[in-house]
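J.: Here's a sequence, model it:
(chains A and B)
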Amino acid sequence: MSPLLSIEGLTKRYGRTVALDEVDLEIRPNEVVGLIGQNGAGKSTLLKLLAGVQQPDSGRLVMRGSPIKVRNPAHAAEQGIGMVFQEQSLVPNLTVAENIFLGRPNPGTAGGVYKWRRLNALAREQLEKTGSEISPSALVQRLSFADRQMVELTKVLALEERTDGDLLILFDEPTSVLSAAEIETLFAQIRRLKRRASIVFVSHRMDEVLAISDRIYVMRDGRRVAERDAAACDENELYSLMVGENRAEDYFLDADRKPYDRSATALEVEGLTAEGSFSDVTFSVCPGQIVGVAGVIGSGREALCRALFGALPTAAGRVRLRGEEVTMASPRDGVRLGVGYLPAERKHEGMVAERSISENLVLASTPALTRAGLLSWARESDLVEGWIERLGVKAPSARVKISQLSGGNQQKVVLAKWLALPHLRVLVLDHPTRGLDLKAKTDVYKHVRAAAARGVAIVLLSDTLEELLGLSDEIVVMRDGRVTGHFPDVPDTPPSSEELVKLMV
Amino acid sequence: MSPVNISRRKGASQRLDIGGYLPAVLLVVLVGLVVARDPAFLGVASLRSVAVQAAPILLLAVGLTPVILLGGIDLSVAALTSLCSVLLVSWANQAGITGVAGVVALATAAGAVVGVVHSVAQVPSFIVTLGALGLYSGLSLEASDATNTPLAEGSPAISWVNDYFAGIPAGFVFGLIVLAIVGLMVRFLPWGRYLYAMGSAEPAALMSGVPKIRVRAAAFALTGMTSAMAAIVLVGRTSFGSPTLASGLLLPAIAAVVVGGTAISGGVGGVGRTLVGVLTVTVVQIGMVVIGIDPVLQNVIFGAVIIVAVALTIDRAKLSVIK
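T.: Below is the predicted model of the structure:
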C-alpha cells in the first residue's frame, strides 16, 4: 500500500541546535502512528513542520505520491493536515462555534455576515462527533482546560467534510490533562477516525501509545532511532530505545546522600494559602535535607514552589527561614533572604540566552561582587571560573553566550547561579532535569546532592516519581492544592509508586 | 517546549546584529559621499559645525541608549528639553549656576518619576512617555506664555558651551564626557548588567532578583538628566528658550541610537555604538544641505531610517505578537 505521507530527510535547526536530523518516516493510510521520545527528542518539532507552524531547513514531504510544501497551518488544513496543539490554538474571546470554523471558509455566514443559528447548528453537529455537551455559543475562555481540548479536537475533525482524500491528524500530547474518561472518548474518536484518516499520536505515556497505535516510531536527539509494530513490543523495550543507554547502578547517587541535621529547620511553611492554587500547606525542610513534592498538573505544587521564592503572592499562612518569619513579595525578596529557584522553563525564566555564561552565572549575586559600588571583574572571573570547574561546564570560555551551550551545560550554569549565591539557604528545584539527557541528569543529581551536603535545604519537583523517590529524603504529596500525604523517611521506608499515585489523583 | 507561535518562526534568521562594523562603514561611506560633493567638508570650520550640530543629539541619544537597551523607549526627551530650555532661561537669568543645576535636578526627578510609573503601574514605556510628552509640551507653553524668552547677556552658567576646548566646541566635548561616563556606568555598575539582562530576557532577570523598578527608574532619570543637558547646549547656542526649541530632535535622537546598532527590542547595543549613530545622523543632516536637498525633508529621511534600521535589528522572537 502506498503511504499517505512520506517524510524524507527532514531537518530543522534552531541556531546551533539540531532539533531534527534527517528524519525519514512513513505514514500509511488508515493507521495510527505513535511517536515517542524524551523531551527534546524532536517530536513536537516534527509535528510543527508537518502542520506548517515552522518550515524545515531541508528534506521533503510527499503526500499521496506528490511532493508538497506546507506554508502555514491554514495551508496545511487545505491539504487535509490538521493538528491538535499541545498548547492550545483557540481564541479565548470567541465562541466555541466561531473557533471551530475559524481560519477557513465559514459555512455559517451569508454574504460575510454571521447567521448565528446556522453556525451554532453546524458547530453542534461537529461537537457531537466527540460526544461532548459543550454549548456552541459558549465563550472559549469560560471553558475548562479539558473542554477546550475537546473544542480543539472538534476543530480538526471539522476538516473531515472539507477534503476529499484522507485526512492526516496530528495529536501533540493530547492526553496530558484529560481525565481517564475523557481519554477513553478521545481514543474512541481516534478509532472511528481511522476509517478515513491517518493519525500521528505523540505522547510520553507509553501505555497509551501502545494501546492506540498500530506502529510506533521512537525518536532520540532529533533522530528516528527505531520503528516497531505496536503488537510486537512492550514498554520496557520502548523505554530502553527512548533513553538509548542503560543506567548506572546507583543512578540517583544514593552513596552521596549525607545525614542531615534534624535538630534545625531551614524552611518552615505553615498553613500557606494562595488564592486558586493551593491552601493550608504545611511542611518543613531541615538544612541539608531534600524534600520532594509529588502531584499532578493542577495539584498546586508548581505554584507552591513559586510562592516559596516570592514569585507568587500568598493570601494566608506563614513562612519561616531558620526560625524567623519572613514575607516575600517578589523574587528579589527571595534572593535576598537566601532562597534560590531553578525554574522549570529554563529558556524562559532560567537564563538570559543572549548574554555570556559569566553574566548569567553572577546575575543573582552581582551585588556581592562589587567594591565601592563598582563591579570587580577580577572577583567575578574567580567566582565564575571556580564554578565552571566544580560543575564541569563544557564551554570554550566564560564569555560565550549561554545559548551556545548544550541543554545540560546551560542547566549547570543556571544551577551555579544559585549555588554561587553566598547566603544560599534554600534551593527550590522545579523539574531540574527536564529535557536533559541521561548524562546531564546524572550530573544534576550529583550537584544537588553536593548542595545538600553543604547544608542547603532543597525542595524538589520532578517529572517522574522515580526521580522523586530516588533523590528525596522526605516526600509531601499534593492534590487539588492540598497536602494529601506525607512520607517522612523515604530512604528507610520508601512509599510505593502506587501509594503515591493513589494520593495524587 | 516553546509555545506555538507563528510570528516566531522567522525570528532568529531575520535578525541582524548590525552592531559590529556596519554602522561605522555606513558613516565612512556617507562622509565620502559628502566630501566628493564638497571637499571642504573635512575642513576645521565644517567639522566644528558638525560638532556643534551633533552636541544636543549626542546628549539625548546617550540618555536614550540605556532605556532602549531595556527594550523601552522614551518619546518625551525632546519635549522635556524644550521645557528645560524655557526654565533654564528664566532660572539662569535669576539664579545663575544654581538655577541651571536646579533645572538639571528637576528634569532628572521627572525622568525618575516616569520610570517608576512605567515600572510600578506596568504601563508600556511608549505610553507613559507619550503622556509625558504632552504634559511637558503643555507646561512649557504655559511657563513661556508661548513665546521665545532671550537669555540675559553673558550668562556664564550657560554660555560656556560656545567656547572651544582644544579647538573642539565645548558643547560637543561635554557630550563626549557624558557619553564616556554613561559608558563606564554601563560597564562597571551592576545596573549595566541588569540593563542587558532585563532587555534580553526580563522574566529570567526578575527570577534572579534583579531590582526592576530601580533599574528602570535610574535609566529614565538618566534620560531626564541628559534632556536638561541638551537644553543647556541648545540654549547656549541659540541664546533663547522656546517651548518648541527641541521639537525637531526626537526623531534624530532615536534614529542615532538605532542606526548605531542598538536594537529597539532591547539587550543588544551600547553607548559606544550611539556615538557612531549620532555622527551618522549629523552627517546626513549637514550632507543634505551640501547636496542641496531641502532641509524640510529631514524628518522624511529620519523616519525612513528608523523604520529600516529597526526592521534590520529588531528581535522578533521577543514579541509575542507584532502590533
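
J.: Could you use CA atoms for every contact and neighbour count after this?
T.: Noted.

J.: phi, psi of residue B:74?
T.: phi -130, psi 110 (degrees, to the nearest 10).

J.: most centrally placed residue in chain B?
T.: residue B:61 (2.2 Å; C-alpha atoms, centre = their mean).

J.: Can you give me every residue that contacts it?
T.: B:253, B:254, B:256, B:257, B:274, B:278 (C-alpha atoms under 8 Å, 6 or more residues apart in numbering or on different chains).

J.: wait, residue A:175 sits on residue A:183?
T.: Yes - taking contacts as C-alpha atoms under 8 Å, residue A:175 lies within contact range of residue A:183: 6.2 Å.

J.: and the stretch 151-300 of chain B, which residues reach chain A?
T.: B:188-190, B:193-194, B:196-197, B:200-201, B:203-211, B:267 (C-alpha under 8 Å from any C-alpha of the partner chain).

J.: about what we covered before: more neighbours: residue A:175 and residue A:183, which one.
T.: residue A:175 (22 against 16; other C-alpha atoms under 10 Å in any protein chain shown).

J.: helix, strand or coil for the more buried one?
T.: For residue A:175, the secondary structure call by DSSP: H, G, I helix; E, B strand; the rest coil comes out as coil.

J.: Over to residue A:271?
T.: Going by three-state DSSP: residue A:271 is strand.

J.: Quick check: chain neighbours aside, which residue is closest to it?
T.: residue A:280 (3.9 Å; C-alpha to C-alpha, 6 or more residues apart in numbering or on different chains).

J.: Ramachandran angles for the one you found?
T.: Dihedral angles (degrees, to the nearest 10) for residue A:280: phi 60, psi 50.

J.: The one 10 residues further on too?
T.: Backbone geometry at residue A:290, expressed as degrees, to the nearest 10, gives phi -110, psi 120.

J.: thought residue B:264 was touching residue B:67?
T.: No - look at residue B:264 against residue B:67 with C-alpha under 8 Å: they stay out of range, at 9.5 Å.

J.: which neighbours do these two share?
T.: residue B:73.

J.: picking up where we left off before, how close does the residue nearest to residue A:271 get to chain B?
T.: Separation of residue A:280 from chain B (C-alpha to the nearest C-alpha, to the nearest Å): 25 Å.

J.: what sits against that residue?
T.: A:270, A:271, A:272, A:273, A:317, A:482, A:483.

J.: most surrounded residue in those?
T.: When neighbours are taken as other C-alpha under 10 Å, the top entry among the contacts of residue A:280 is residue A:483 (24 neighbours).

J.: Once you drop chain neighbours, what's closest to residue B:209?
T.: Using C-alpha to C-alpha, 6+ apart, the nearest residue to residue B:209 is residue A:332, at 3.7 Å.

J.: and residue B:192, backbone torsions?
T.: phi -60, psi -40.

J.: OK, contacts around it?
T.: Residue B:192 sits in contact with B:185, B:186, where contact means C-alpha under 8 Å, 6+ apart.

J.: change it to 10 Å
T.: A:375, B:66, B:69, B:182, B:183, B:184, B:185, B:186, B:215, B:219, B:270 (C-alpha atoms under 10 Å, 6 or more residues apart in numbering or on different chains).

J.: Report the secondary structure state of the residue lying closest to residue A:346 once chain neighbours are set aside.
T.: Residue nearest to residue A:346 in three dimensions, not counting chain neighbours: residue A:411, with 7.3 Å by C-alpha to C-alpha, 6+ apart. Three-state assignment for residue A:411 (three-state DSSP): helix.

J.: Pull the contacting residues for residue A:411.
T.: A:342, A:346-347, A:350-351, A:393, A:402, A:405, A:417, A:432-436, A:440-441, A:443-444.

J.: Sitting in helices, which of these do you find?
T.: Under the assignment DSSP state H, those contribute A:417, A:440, A:441, A:443, A:444 to helices.

J.: Tell me where the stretch 101-250 of chain B has strands.
T.: B:149-150, B:164-165, B:168-169, B:240-241 (DSSP state E, counting those that start in this stretch).

J.: what's the most buried one of those strands?
T.: strand B:240-241 (a mean of 24; mean count of other C-alpha atoms under 10 Å in any protein chain shown).

J.: so who does the nearest residue to residue A:328 once chain neighbours are set aside touch?
T.: Spatially, and ignoring its direct neighbours in sequence, residue A:328 is nearest to residue A:310 (4.6 Å; C-alpha to C-alpha, 6+ apart). Listed by C-alpha under 10 Å, 6+ apart, the contact partners of residue A:310 are A:304, A:327-335, A:339, A:341, B:207, B:209.

J.: now swap in residue A:168 and tell me
T.: With contacts defined as C-alpha under 10 Å, 6+ apart, residue A:168 is in contact with A:4-5, A:27-32, A:50-51, A:63, A:76-77, A:79-83, A:156, A:159-160, A:193-194, A:196-200.

J.: What is the neighbour count of residue 110?
T.: This is for chain A. 10.

J.: was after chain B, sorry
T.: Residue B:110: 19 surrounding residues under other C-alpha under 10 Å.

J.: just residue A:332 next, same as before
T.: 23.

J.: tell me the pLDDT at it?
T.: What the model reports for residue A:332 is a pLDDT of 95.

J.: Quick check: which element contains it?
T.: Using DSSP states H and E, residue A:332 falls within helix A:331-336.

J.: can you list the residues that contact that helix?
T.: Against helix A:331-336 from outside (C-alpha under 10 Å, 6+ apart): A:306-312, A:326-328, A:337-341, A:364-365, A:418, A:421, A:423-426, B:205-212.

J.: Now with 8 Å, please.
T.: A:308-311, A:327-328, A:340, A:364, B:206-211.

J.: Just the residues you listed: which are in helices?
T.: Per DSSP H, the subset of the contacts of helix A:331-336 in helices is A:308, B:206.

J.: from the contacts of residue A:168, which ones fall inside helices?
T.: Using DSSP H, the contacts of residue A:168 in helices are A:50, A:76, A:77, A:156, A:193.

J.: residues in contact with residue B:193?
T.: Residue B:193 touches A:359, A:363, B:186, B:187, counting by C-alpha under 8 Å, 6+ apart.

J.: Can you tell me which of these has the largest number of neighbours?
T.: In the contacts of residue B:193, the most neighbours by other C-alpha under 10 Å go to residue A:363, 27 neighbours.

J.: Give the full set of residues in contact with residue 254.
T.: All of this refers to chain A. A:470, A:471.

J.: wrong one, chain B
T.: B:61, B:64, B:306.

J.: which residue sits closest to the last one, ignoring its sequence neighbours?
T.: Ranked by C-alpha to C-alpha, 6+ apart and with sequence neighbours excluded, the top spatial neighbour of residue B:306 is residue B:255, at 5.2 Å.

J.: Report the distance from the helix or strand that neighbour falls within to the chain centre.
T.: Take DSSP H and E as the rule and residue B:255 turns out to sit in helix B:250-259. Mean-position distance between helix B:250-259 and its chain equals 7 Å (C-alpha atoms, centre = their mean, to the nearest Å).

J.: same thing with stretch B:63-82?
T.: 6 Å.

J.: close to chain A, is that stretch?
T.: No - on the criterion C-alpha under 8 Å from any C-alpha, stretch B:63-82 is out of touch with chain A, staying 12.7 Å away.

J.: quick check: mean pLDDT across that stretch?
T.: For stretch B:63-82, the mean confidence score works out to 97.

J.: for it, how far is the first residue from the last?
T.: End-to-end span of stretch B:63-82 (C-alpha to C-alpha, to the nearest Å): 16 Å.

J.: With stretch B:206-215 instead?
T.: End-to-end distance (C-alpha to C-alpha), stretch B:206-215: 11 Å.

J.: Same question for it: list its buried residues.
T.: For stretch B:206-215, a neighbour-count test (16 or more other C-alpha atoms under 10 Å in any protein chain shown) marks B:206, B:207, B:208, B:209, B:210, B:211, B:212, B:213, B:215 as buried.

J.: I appreciate the help and will end here.
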